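Colleague: One predicted model, sequence on top.
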Amino acid sequence: EAPLAMIDPSSPLYWESSLLRAQWRVQSASEELLRQAMSLLDAMLSHRSAPAALALYAIAADRAGLPTGALAALADLSRIPQQQRPPAVDAAARALLRSRSYPPRLAIWATEIDRRLTR
């Protein structure tokens with residue numbers, strides 16, 4: 001963690017190091033680490049819309065009990081042209097969507113996101 005955190009934002013390795021730092025946090029059951037992952041990913045996503053970062057953010061938000069945050073990230077992901085989204089990212093996003101039962105007010109949104117991801 002420490003060496004990855006010290007990588008300068010101007011380095012070509014910065015984005016990958018941030019993604020790695022977020023990935024290990026997302027694998028945790030700790031709400032604090034999940035929120036740290038979301039913060040790291042927010043910083044990345046404020047500069048560019050990266051499919052892997054959006055999918056990881058959705059997973060972190062879902063695990064932190066924030067379904068609206070998860071769906072927002074998946075909605076952003078679904079707006080990226082399909083040819084720019086890696087198939088594994090799409091598969092993970094659809095699996096996350098389909099593994100949850102959303103309250104009625106969110107279910108319509110989830111269905112629309114799923115439709116956009118599968119076309």
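Modeller: Ah, there it is. Residues are numbered from 1 along each chain as shown.

Colleague: three-state assignment of residue 12?
Modeller: Recorded secondary structure, residue 12: coil (DSSP: H, G, I helix; E, B strand; the rest coil).

Colleague: Could you check how far it is from residue 6?
Modeller: 15 Å (C-beta to C-beta, to the nearest Å). From N, CA and C alone the C-beta is placed, and that goes for glycine too.

Colleague: who's in contact with residue 19?
Modeller: Residue 19 makes contact with 44, 50, 52, 53, 56 under the criterion C-beta atoms under 8 Å, 6 or more residues apart in numbering.

Colleague: Excluding sequence neighbours, find me the nearest residue to the third one.
Modeller: Here the nearest residue to residue 52 in space, its sequence neighbours aside, is residue 89; by C-beta to C-beta, 6 or more residues apart in numbering that works out to 5.8 Å.

Colleague: so that neighbour makes contact with residue 50?
Modeller: No - using C-beta atoms under 8 Å, residue 89 is not in contact with residue 50, being 9.5 Å away.

Colleague: Contact partners for the residue nearest to residue 52?
Modeller: Counted by C-beta under 8 Å, 6+ apart, residue 89 has contacts 51, 52, 54, 55, 77.

Colleague: Tell me which residues are up against the worst-scoring helix or strand of the chain on mean pLDDT.
Modeller: Ranked by mean pLDDT, DSSP states H and E, the weakest helix or strand in the chain is helix 2-5, scoring a mean of 90. Identification of contacts with helix 2-5 by C-beta under 8 Å, 6+ apart yields 17, 18, 20, 21.

Colleague: No further queries at this time; thank you.
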